[in-house]
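Enquirer: Using only what follows, build the 3D model:
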Amino acid sequence: MDYGGHFTRISSDECRQLVRARAVGRIAWADAAGVQVLPVSYTVNDGRIAFLTHPDSVMSTFLEPTEVAFEVDDVEEDTATGWSVVVRGRALGYLDAVPDGIQPPLPWAPGDNRLTVVIEPSGYTGRAVSADIPGGS
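Expert: Residues are numbered from 1 along each chain as shown. Down below sits the predicted model:
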């Protein structure tokens, strides 16, 4: 049997589920140095995305409210399938403090990771893709 490829939108509700089901994503923002994109380990608490970082890192930008995009995805190169979710929102950092209801994960990177960054999502978009591979299953 041949399976045709697809490129479909993922609903906002399914996007939220996919983000909650993962633990690593990428945060993107623009600052004085240009566009930054970095991976982080994260948790989702009451719809807010949270992670820890070093206060002297490039992410100290988040000590001021910052518009961000946050991406989570899954790609299977062998089957040419995958999905991607982009969360848009505002990030704000809390130095030596954790807002109520937030439980950030332990970061993978070692160091003095006492800056808690919380993203308040304003929108979710997602796409799923599968290549049109003749004879694929």
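Enquirer: Run a quick neighbour tally on the residue nearest to residue 125 when sequence neighbours are not counted.
Expert: Residue nearest to residue 125 in three dimensions, not counting chain neighbours: residue 86, with 5.2 Å by C-beta to C-beta, 6 or more residues apart in numbering. To be clear about C-beta, it is placed using only N, CA and C from the backbone, and glycine gets the same treatment. When neighbours are defined as other C-beta atoms under 10 Å, residue 86 has 19 of them.
Enquirer: For residue 86, which residues are in contact?
Expert: Contacts for residue 86 (C-beta atoms under 8 Å, 6 or more residues apart in numbering) come out as 69-71, 124-126.
Enquirer: export these to JSON lines and tack on pLDDT, secondary structure and distance to residue 112?
Expert: Compiled in JSON lines, these are given as follows (pLDDT from 0 to 100; DSSP: H, G, I helix; E, B strand; the rest coil; distance: C-beta to C-beta, whole Å):
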{"residue": "69", "pLDDT": "98", "secondary structure": "strand", "distance to residue 112": "26"}
{"residue": "70", "pLDDT": "98", "secondary structure": "strand", "distance to residue 112": "23"}
{"residue": "71", "pLDDT": "98", "secondary structure": "strand", "distance to residue 112": "26"}
{"residue": "124", "pLDDT": "98", "secondary structure": "strand", "distance to residue 112": "32"}
{"residue": "125", "pLDDT": "98", "secondary structure": "strand", "distance to residue 112": "35"}
{"residue": "126", "pLDDT": "97", "secondary structure": "strand", "distance to residue 112": "34"}
